[in-house]
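Chemist: Give me a model of this one.
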Amino acid sequence: MIKLDSKGLFIIISGPSGVGKGTICQSLIANNPQIKLSVSATTREKRKGEINGVNYYFLTKEAFEKDIAKGEFLEYAIVHNNEYYGTPKSFVLSELQNGHDIILEIDINGALQIKKQFPNALFIFIMPPTIEELKSRLLKRGTESKEKLVDRFKNAYKEINEIDKYNYVVVNDDLNHAIKKVQAIIDAEKCKVSRIEELDLNTVEEEIHEIIVELKK
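Modeler: This next block holds a predicted model:
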């Protein structure tokens, strides 16, 4: 018989800072028990209220570098004050094999590293309705200096110029609509012919032949 691929879907979400991708991911996870969040590893200090294994896997630099040498990360980078951040391989592979969908919110550099290993993953880029609206959202945060905001927009420029590396682009002009669009993309992806696998073609042919014989009686 034929059936949909029992393995999970690896969903990569990227977009400029302030575009709302984190909120979209949280909503998808809250409304889809089969979707699991990929928890990143980091060498930065644990902040108050954060839980190891929930917010991040907190590692020492020595432990992180040992895991790099052993090939334990799907991707990693040195960012924010020379701290390591990376996506642990074992959790993602285990959950996908068990049929769970994995969602990963990540920047363009990490996404491109993952695409080399998972070219069939689902890559979705979240865009702001306008750059002016993105500026407004970042300013409303009130948490960053002008220098940081300049860096954010420099990164946004780089990321937006890489959207052709993604399968889909969703404009977050209305949060609820954007969430529905991403959910629809995920649902459609699971119905692709390429995600259907033949288990036993001979059995299918035999069953069809038996039905034809029965109908001719």
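
Chemist: In stretch 183-193, which residues are buried?
Modeler: 183, 185-186, 189 (16 or more other Cβ atoms under 10 Å). Backbone N, C-alpha and C define where each C-beta goes, glycine included.

Chemist: swap that for stretch 131-146, sorry
Modeler: Buried-residue list, stretch 131-146, by 16+ other Cβ under 10 Å: 134-135, 137-138.

Chemist: Make JSON lines from those and add secondary structure to it.
Modeler: Formatted as JSON lines, the buried residues of stretch 131-146 follow (DSSP: H, G, I helix; E, B strand; the rest coil):
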{"residue": "134", "secondary structure": "helix"}
{"residue": "135", "secondary structure": "helix"}
{"residue": "137", "secondary structure": "helix"}
{"residue": "138", "secondary structure": "helix"}
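
Chemist: Could you single out the nearest of those to residue 30?
Modeler: Residue 30 has its nearest neighbour among those in residue 137, at 21.5 Å by Cβ to Cβ.

Chemist: Find the nearest non-adjacent residue to the closest one, please.
Modeler: Spatially, and ignoring its direct neighbours in sequence, residue 137 is nearest to residue 18 (4.4 Å; Cβ to Cβ, 6 or more residues apart in numbering).

Chemist: From residue 84, how far off is the one you found?
Modeler: As judged by Cβ to Cβ, to the nearest Å, residue 18 and residue 84 stand 24 Å apart.

Chemist: What of residue 156?
Modeler: Relative to residue 84, and taking Cβ to Cβ, residue 156 is found at 24 Å.

Chemist: May I have the residues that are in contact with residue 39?
Modeler: The neighbourhood of residue 39, defined by Cβ atoms under 8 Å, 6 or more residues apart in numbering, consists of 53-57, 88, 91.

Chemist: Just the ones of these in strands?
Modeler: Residues of the contacts of residue 39 located in strands (DSSP state E): 57, 88.

Chemist: just the buried members of the contacts of residue 39?
Modeler: Using 16+ other Cβ under 10 Å as the burial test, the contacts of residue 39 include 56-57, 88, 91 as buried.

Chemist: export the buried residues of stretch 183-193 to TSV and tack on secondary structure?
Modeler: Listed next are these as TSV, based on three-state DSSP:
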residue	secondary structure
183	helix
185	helix
186	helix
189	helix
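
Chemist: which ones are touching residue 53?
Modeler: Contact partners of residue 53, counting by Cβ under 8 Å, 6+ apart, are residue 39.

Chemist: Could you measure from residue 58 over to residue 213?
Modeler: Distance from residue 58 to residue 213, by Cβ to Cβ: 65 Å.

Chemist: The two: who's more crowded?
Modeler: It is residue 58, of residue 58 and residue 213, that has more neighbours when counted by other Cβ atoms under 10 Å, with 18 against 9.

Chemist: Give me the next element, helix or strand, following the helix or strand of the chain with the lowest mean pLDDT.
Modeler: Here the helix or strand of the chain ranked lowest by mean pLDDT, DSSP states H and E is strand 2-4, holding a mean of 45. As assigned by DSSP states H and E, the chain's next helix or strand after strand 2-4 is strand 10-14.

Chemist: List the buried residues of the helix or strand following that next one.
Modeler: Going down the chain from strand 10-14, the next helix or strand is helix 21-31, by DSSP H and E. Judged by neighbour count using 16+ other Cβ under 10 Å, the buried positions of helix 21-31 are 21, 24-25, 27-28.
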